[in-house]
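[1] the following block contains a protein sequence and its predicted model.
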Amino acid sequence: MIDKFLQYLQYEKNYSSHTVLSYKNDLLQFSHFFELEEHHLNISKANPNHIRQWIVEIIGIGLSARSANRKLSSLKSFYKFLIHEGVIKQNPARNIISPKTNKPLPLFFKEKEVDFVLKDVILGNSFEKNRDRLIITLFYETGVRVSELINIKDSDIDNYVCSLKVIGKRNKERKIPIGKDLLKLINEYIELRKKEVASNFPYLFIRKDGSKMYSRLVYSVVNKHMSQVSSLSKRSPHVLRHTFASTLLNNGADLNAVKELLGHANLSATEIYTHTSFEQLQKIYKQAHPRA
């Protein structure tokens, strides 16, 4: 039934291969635990006690509460699928209380740090310099995910209405408005790429040998350049995405608008940025008010 569930996630729910693999690993890990407990692999026979014991065990060996919650969510989805298939009547994971987590506030770069990287750190007219500058600019000005950025095609750029089309999670398409300066930067990069790199790929961002960019390389590009100006523990593309959201909210953007720009499925995922925004307001208040 695990294989059938994974096929359901991939072909009917349109989950990414990475997400499906995570579900598979979680279910196989629980299957191994269940086999040791009951001497067979049929986890459809598991009860709430089995699941509680497993959660306690994986946290006991050092797994974070956040990771344990994700694994518990995998089980809940699997058993919900089994109910739909008529294999079981009750979800044994339904009433399991999730381990408490302390959600850290998202990290973000300072505006002057990003500006310094774009203006002074990434200098030169080479293809790779222009590509790296555009990558960081796109993250900062659009808030796209890494998976979205590497799959942008030239045809996704709309020069008439100044917008960018991206394919987000679960193959959901959205259009993001972009400024004329960014549009100009994109078109200049495309012209340079056509002159310097021979490639049959339709993607906007490619490597110097003409092959498609991959996630780890994009991470390395951002980390390399942002490490020169920032002391944050993480200097990843996702921090630039956080920076995009925090910058909008700190400048008065509507929360629902930010949600749509980020491609979040629900508002709760966007609300975490309001904490960062509120911290900024607190800082301004303490600096400016004589009795703060």
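    Everything's here; your move.

[2] by contact count, what packs against the host helix or strand of residue 6?
    Secondary structure assigned from DSSP states H and E places residue 6 in helix 2-7. In terms of contacts (3 or more Cβ pairs under 8 Å, 6 or more residues apart in numbering; DSSP states H and E), helix 2-7 is packed against helix 17-38, helix 65-84. No exception for glycine: its C-beta is placed from N, CA and C like everyone else's.

[3] would TSV of those helices with mean neighbour count and mean pLDDT be doable?
    Below are these laid out as TSV (neighbours: other Cβ atoms under 10 Å; pLDDT from 0 to 100):
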stretch	mean neighbour count	mean pLDDT
helix 17-38	15	92
helix 65-84	18	92
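
[4] reformat these as a markdown table; add distance to residue 123.
    Compiled in a markdown table, the helices and strands packed on helix 2-7 are given as follows (distance: least, Cβ to Cβ, whole Å):
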| stretch | distance to residue 123 |
| --- | --- |
| helix 17-38 | 35 |
| helix 65-84 | 40 |
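
[5] what's the closest of the ones you listed to residue 240?
    helix 17-38 (20.3 Å; Cβ to Cβ).

[6] which one of the helices and strands packed on helix 2-7 lies nearest to residue 286?
    Comparing the helices and strands packed on helix 2-7 under Cβ to Cβ, the one sitting nearest is helix 65-84, at 31.2 Å.

[7] quick one: find the helix or strand in the chain with the lowest mean pLDDT.
    When the helices and strands of the chain are scored by mean pLDDT, DSSP states H and E, helix 267-288 comes last with a mean of 69.

[8] residue 200: what secondary structure?
    At residue 200, secondary structure determined by DSSP: H, G, I helix; E, B strand; the rest coil is coil.

[9] one more: residue 233?
    Counting by three-state DSSP, the backbone at residue 233 sits in coil.

[10] and if you look at residue 165?
    Classified using three-state DSSP, residue 165 is strand.

[11] residue 19 touches residue 25, doesn't it?
    No. The pair residue 19 / residue 25 is not scored as a contact, 10.9 Å apart, by Cβ atoms under 8 Å.

[12] next, count neighbours for residue 106.
    The number of residues packed near residue 106 is 17, by other Cβ atoms under 10 Å.

[13] so what's it up against?
    Residue 106 makes contact with 239, 242, 245, 246, 272, 273, 276, according to Cβ atoms under 8 Å, 6 or more residues apart in numbering.

[14] any chance of these in JSON lines, plus distance to residue 94?
    Output for the contacts of residue 106, formatted as JSON lines (distance: Cβ to Cβ, whole Å):
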{"residue": "239", "distance to residue 94": "36"}
{"residue": "242", "distance to residue 94": "33"}
{"residue": "245", "distance to residue 94": "33"}
{"residue": "246", "distance to residue 94": "36"}
{"residue": "272", "distance to residue 94": "26"}
{"residue": "273", "distance to residue 94": "31"}
{"residue": "276", "distance to residue 94": "34"}
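
[15] filter those to the buried ones?
    Among the contacts of residue 106, the ones that count as buried by 16 or more other Cβ atoms under 10 Å are 239, 242, 245, 246, 273, 276.

[16] with distance to residue 38 added, can I get these in JSON lines?
    Below are those laid out as JSON lines (distance: Cβ to Cβ, whole Å):
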{"residue": "239", "distance to residue 38": "44"}
{"residue": "242", "distance to residue 38": "44"}
{"residue": "245", "distance to residue 38": "46"}
{"residue": "246", "distance to residue 38": "48"}
{"residue": "273", "distance to residue 38": "45"}
{"residue": "276", "distance to residue 38": "46"}
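
[17] of those residues, closest to residue 266?
    Closest to residue 266 out of the buried ones among the contacts of residue 106 is residue 273 (13.7 Å), distances taken as Cβ to Cβ.

[18] just flag the most distant two among the contacts of residue 106.
    Farthest-apart pair in those is 239 and 272; separation 13.7 Å (Cβ to Cβ).

[19] pick the one among the contacts of residue 106 closest to residue 258.
    Comparing those against residue 258 with Cβ to Cβ places residue 245 closest, at 5.6 Å.

[20] which element is that closest one on?
    Under DSSP H and E, the secondary-structure element containing residue 245 is helix 237-250.

[21] three-state assignment of residue 176?
    From three-state DSSP, the assignment for residue 176 is strand.

[22] from residue 262, how far out is it?
    Per Cβ to Cβ, to the nearest Å, residue 176 is found 9 Å from residue 262.
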